[in-house]
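1. Turn this into a structure:
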Amino acid sequence: MQAFDIKRMTLDKFPLEYLGEVTFRCFFIFVVVFIFLKLTGRRGVNQLSLFEVVIILTLGSAAGDVTFYDDVPLLPVFAVFFSILLLYRLSTWLMDKSRHFQNWMEGKPLIIIRDGMFEWETMARENITKGEFYMELRQKGVEHLGQVRLAFLEANGGLSVYFRQEDDVEPGLPVLPEDYIDIETLMMTSGLYACHRCSLIKSFKVGEKATCPRCQNITWVRALSTVRV
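-> Residues are numbered from 1 along each chain as shown. Sure thing, here's the model as predicted:
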């Protein structure tokens, strides 16, 4: 094989007319995918559930290969989409009939923050790290967890936040990037501190150090109590 062979790199064994077939294949699969999404009642991409992501990944190969591989016929690809559509319709019907089946297929919302603190048991059980949604909290205007009454991690991966009233805000763990907070093991000033891992609030004096009784962490951050503007 010759490197940088222009003929092989451009059309290889195919005649120039094959580009017209590729164009038709792309048009065909575009129409099939469009009809499929219309029939499934497709929501926004950021609303994809785990079950729907699996369907999209399953269809990805069928939709991609048929556009330019000459040995992939069109009708079997149409049969793939039709079969997946029937499976999707059956699954959504079963999910409407059974909440247990729906929770198994798509998952259910999880309470991640309650009364200004992480639900540590839930996060540990589900293997959730706080870094996964700190950015989302900041984008929703959260500076520290004391401003939050409830936060749900939805089945589609989104974050729903319910805030406390201004006069009800309590000291909480900052959700600022680590470059903008001081993480301490030996307290430099007296006051309230939040466990850097699980958000437990404790009062310390200058020079104290402690292990968090909730998660066994040894690093602490000065708690904030600012209200949302």
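2. Alpha carbons of stretch 58-65, as CSV, please.
-> Presented in CSV, the C-alpha positions along stretch 58-65 are these (Å, rounded to 0.1, in the frame of the first residue of the first chain):
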residue,chain,number,x,y,z
THR,A,58,-28.2,1.3,19.7
LEU,A,59,-29.3,3.2,16.6
GLY,A,60,-26.1,5.0,16.1
SER,A,61,-24.3,2.2,14.3
ALA,A,62,-27.3,1.5,12.1
ALA,A,63,-27.7,5.1,11.2
GLY,A,64,-24.0,5.8,10.5
ASP,A,65,-22.9,2.6,8.6
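3. Tell me which residues of it come out buried.
-> By neighbour count with 16 or more other C-beta atoms under 10 Å, stretch 58-65 contains the buried residues 59, 62, 63. The way it works is simple: take the backbone N, C-alpha and C, and place the C-beta from them, glycine included.
4. Can you tell me the centre-most residue of this structure?
-> What sits nearest the mean C-alpha location of the chain, by C-alpha atoms, centre = their mean, is residue 157, with 3.8 Å.
5. Are we agreed that that residue is in a helix?
-> No - counting by DSSP: H, G, I helix; E, B strand; the rest coil, residue 157 is located in no helix; its state is coil.
6. Looking at it now. What's its pLDDT?
-> In the predicted model, residue 157 carries a pLDDT score of 74.
7. and it, backbone torsions?
-> Here is the backbone geometry of residue 157 (degrees, to the nearest 10): phi 90, psi -10.
8. now do the one 4 residues further on
-> Torsion angles at residue 161 (phi, psi; degrees, to the nearest 10) stand at phi -120, psi 130.
9. so it touches residue 140, yeah?
-> Yes - counting by C-beta atoms under 8 Å, residue 140 is a contact partner of residue 161 at 5.1 Å.
10. what about stretch 132-142, distance to the chain center?
-> Distance, stretch centre to chain centre, for stretch 132-142: 13 Å (C-alpha atoms, centre = their mean, to the nearest Å).
11. got it, and stretch 54-61?
-> Taking mean C-alpha positions (C-alpha atoms, centre = their mean), stretch 54-61 and its chain are 18 Å apart.
12. Over to stretch 59-77?
-> 29 Å.
13. So what touches that stretch?
-> For stretch 59-77, contacts defined as C-beta atoms under 8 Å, 6 or more residues apart in numbering pick out 14, 18, 21-22, 25-26, 28-29, 32-33, 36, 80-81, 84.
14. before we move on, back to that, quick one: which of the buried residues of stretch 58-65 is nearest residue 149?
-> Nearest to residue 149 out of the buried residues of stretch 58-65 is residue 59 (C-beta to C-beta; 40.4 Å).
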